[in-house]
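> using only what follows, build the 3D model:
(2 chains)
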Protein chains: 2
Amino acid sequence: MNSNCQSLAEKSVSQPVCIVGLGLIGGSLLRRLTAAGYPAFGWNRSASTVQQAAADGMDVSGDLSATLQRAARENALIVMAVPLFALRDIVSQIAAHAPQCPLTDVVSVKVEVLRIVQEAGLAATYVGSHPMAGTENSGWGATDPALFENATWVVMTGGADDVTARVRDIAVAAGSVVVETDPVSHDGAVACISHVPHLVAEALSVAAVTESVGGGDTALRLSAGSFRDGTRVAGSAPALVRAMCEGNRDAVLPVLAETIGLLQQSYRELSTEGTCETLVEAGYAAHQRYRTVMNELGR
Amino acid sequence: MNSNCQSLAEKSVSQPVCIVGLGLIGGSLLRRLTAAGYPAFGWNRSASTVQQAAADGMDVSGDLSATLQRAARENALIVMAVPLFALRDIVSQIAAHAPQCPLTDVVSVKVEVLRIVQEAGLAATYVGSHPMAGTENSGWGATDPALFENATWVVMTGGADDVTARVRDIAVAAGSVVVETDPVSHDGAVACISHVPHLVAEALSVAAVTESVGGGDTALRLSAGSFRDGTRVAGSAPALVRAMCEGNRDAVLPVLAETIGLLQQSYRELSTEGTCETLVEAGYAAHQRYRTVMNELGR
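Numbers count the residues shown, from 1 in each chain, chains lettered A, B, ... in the order given. All right, here's what the predicted structure looks like:
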C-alpha cells in the first residue's frame, strides 16, 4: 500500500507531459495537469494563445522544434492535440525531433490517426486516446481544467504497456474514467454519438432558415429548448466539424445512411398513413436504453 | 395612467381562467396564474393529478361538466391544455356547457385546432395561442410556475379583440413575451424549430443503438454532450411527440423532406469528394443567424 502510494507520487512528479496544440482540449488538459502538479508544458502555433496561456501561469512556447527537443530530453509523454488536418505536419516534426518519446493524441478519430503515425514510423511508441468531452467553443478562452471531470476517456488497446500506462495516468489525473477499445470500434461509435449528430444539427439549422418550408427569422424567434439543444453543436467551428467527419468518413457514411433511411421511412409513414408511430416509439425505446447506460455510469 | 393601472388591477382580480388539462403546460400555467392572484381553476382527467394539484393549493376538479359550467357562470377564459388527440372531445364538452366563454388553447399546432373549433361552432370566441416552452418531462410533478418566464407566447391574429386581450393578458402574467402570427405561419415555423427536431432526435437515438453501424451500449457509454443534447427530446412521451407531428403533418412533411435532402446531399459530397464542407458551412452560417436573433431577444 505504502509502495503503491509512493510510486503514484513519484509518477505524478517525475513524468512530464508535452501538449502539442492548446485549443479547447489541449489547453484544458494543460491547465488540469499543471494544477495536478505535473511538469506539463505545451506549444501552440498562435502567438496570442501562447501569451494568454503564459499569463495564466502555463509553461508554454511558440517554438515547436524547441518544445519537441525538450520533450525528447525529458522523456515527456507527447499529447498531440491539434485538429486532424494539422496532424501529419506535427507527426513529421515529432519523428524528426522526438522519435523515442511515448506518444498519444486526443483527436476524435482513431483509424486515420493510427495510419498517419504508422506511416511516420512512430507506431511502436504510440497509443491513441480520445477524451469524450468538449463544447461548441474553441480557443484558450474556452479552456476549462474541469472539462474532463467524470468524462469517458477512450484509450486504444494493443499498445506498449508502458505507454498505455502513461496515457491512462493523465486520463485519470484529468478526472476521467478510462474505457479501452480498438480504433475501428471507436470510430463507429463516435460516428453514431458525435459526428452524425453534428451533421444533423447543421441540417436542422439550415432547414430552420429556409423560408420555402416555414423557416426564417420569425421561426427562429419562436424557437425554444428543443431547437437550442438540437442544434447547439452547429455553433462549432466549421473546420473542426469537417476535420472530424471527413477524417472518419468510412465510419460516418453508414451511420448517416442509417439516419437518412430512418427519416425517409418516417416520411413515407407520415405521408401515407398519417402517423410517425414507428420512428417515435423506436426512438423513445432507444433513448430509454441510453438513459439506462448513463444511469449505470452515474451521469 | 391612473385609470390604466386601475383597469389592469381590476382585470387581474376579476377575470377568471379555467384550465382544461393539467399536464406540464396547463399545470404550470395554473400554478403561475394562481400565484399571480388570478381566480384560476382547473380540471384534469386523472384523479392522482387532481389530488396532487389540490395538495399544492390549486383550485381543481376531476368533474369536467361541473368545471365548464362554473366557467360559464364566471365568464372564465377557457384554456384548452390537452394533447391534440384529446381535443375534439374537450371542444364538444365546451360547446355543450360553456359555448359563450372566451376560448384559447396551448396546443403546439394551430391549423388543426382551428379546424376542430370551427367545426364545433366556437370560432367566434376562439383565439389560439402557443407558449414556446416545455421540457421532455410530463405530469404534475414536472410542472413549474417559472416555465414561461421570458418565453415567446404566440397569439393568433384575426380574433375578437376582447378575447385576444384576455389571451395576451395571461401570457404576460405568465412572464412571456407575446408574438402574433397566423396559424399557417405558426405551423410552418414550429415544424422547423420543434417537430422535425423531435423526429431527428428519435432517428439519432435509433442509429446509436444500431450495432451494424457501430452503435450499441459501448457507443452509448462513450457519448458526451453533443449526443445528450441532440437527442434530449427523444425522451419525450411518444404520444405527445406523435400528437404534435401527426397533427401538423402538412407543415412537417416539407421540412422533413428539406432536412433529408440536405443530409443526402452531404452524404453524396462526403462519399464522392471526401468533404462535408457545403452542409457544415451552411449550418454554421444558419446557426450564427439563430444566435443573432436570440441575442436580439436577450436570450
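
> pull out the buried residues from the longest helix along chain A.
As assigned by DSSP state H, the longest helix anywhere in chain A is helix A:249-273. Going by neighbour count (16 or more other C-beta atoms under 10 Å in any protein chain shown), the buried part of helix A:249-273 is A:249, A:251-260, A:262-264, A:266-267, A:270. For the C-beta atoms, the positions are set from N, CA and C on the backbone; glycine is no exception.

> kindly report the same for stretch A:19-36.
So, applying 16+ other C-beta under 10 Å, buried residues of stretch A:19-36: A:19-34.

> distance of A:Ala234 from chain B?
Separation of A:Ala234 from chain B (C-beta to the nearest C-beta, to the nearest Å): 4 Å.

> for the spatially most central residue of chain A, helix, strand, or coil?
Using C-alpha atoms, centre = their mean, the residue of chain A that lies closest to the mean C-alpha position is A:Ser108, 4.2 Å off. What DSSP: H, G, I helix; E, B strand; the rest coil gives for A:Ser108 is coil.

> strands of the stretch 1-150 of chain A, start to end?
Defined through DSSP state E, counting those that start in this stretch, the strands belonging to the stretch 1-150 of chain A, from first to last, are A:17-20, A:40-43, A:59-61, A:77-80, A:103-105, A:129-131.

> now those in CSV, with mean pLDDT?
Listed next are the strands of the stretch 1-150 of chain A as CSV, based on pLDDT from 0 to 100:
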stretch, mean pLDDT
strand A:17-20, 98
strand A:40-43, 98
strand A:59-61, 98
strand A:77-80, 98
strand A:103-105, 98
strand A:129-131, 97
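
> return the most buried member of those.
strand A:103-105 (a mean of 29; mean count of other C-beta atoms under 10 Å in any protein chain shown).

> output the contacting helices and strands for that strand.
For strand A:103-105, the contact count by 3 or more C-beta pairs under 8 Å, 6 or more residues apart in numbering or on different chains; DSSP states H and E identifies strand A:77-80, helix A:111-119, helix A:161-173 as packing neighbours.

> just these: most buried one?
Comparing the helices and strands packed on strand A:103-105 on average neighbours per residue, with mean count of other C-beta under 10 Å, the densest one is strand A:77-80 at a mean of 26.

> which helices and strands does it pack with?
strand A:17-20, helix A:87-97, strand A:103-105, helix A:161-173.

> now do 6 Å
Taking 3 or more C-beta pairs under 6 Å, 6 or more residues apart in numbering or on different chains; DSSP states H and E as contact, the helices and strands that strand A:77-80 lies on are strand A:17-20, strand A:103-105.

> neighbouring contacts of the first one?
When contacts are taken as C-beta atoms under 6 Å, 6 or more residues apart in numbering or on different chains, the neighbours of strand A:17-20 outside the stretch itself are A:26, A:29-30, A:33, A:38, A:40-43, A:71, A:76-81, A:90.

> and the residue lying closest to A:Thr34 once chain neighbours are set aside, how far from chain B?
Here the nearest residue to A:Thr34 in space, its sequence neighbours aside, is A:Ala40; by C-beta to C-beta, 6 or more residues apart in numbering or on different chains that works out to 5.1 Å. Note on A:Ala40: its distance to chain B, by C-beta to the nearest C-beta, is 23 Å.

> A:Ala40 pairs with what?
For A:Ala40, the beta-bridge partners are A:Val17 (DSSP bridges).

> check the gap between it and B:Leu222 for me.
Spatial separation of A:Ala40 from B:Leu222 under the definition C-beta to C-beta, to the nearest Å is 25 Å.

> quick one, domains of chain A?
A:17-181, A:186-297 (the TED database).
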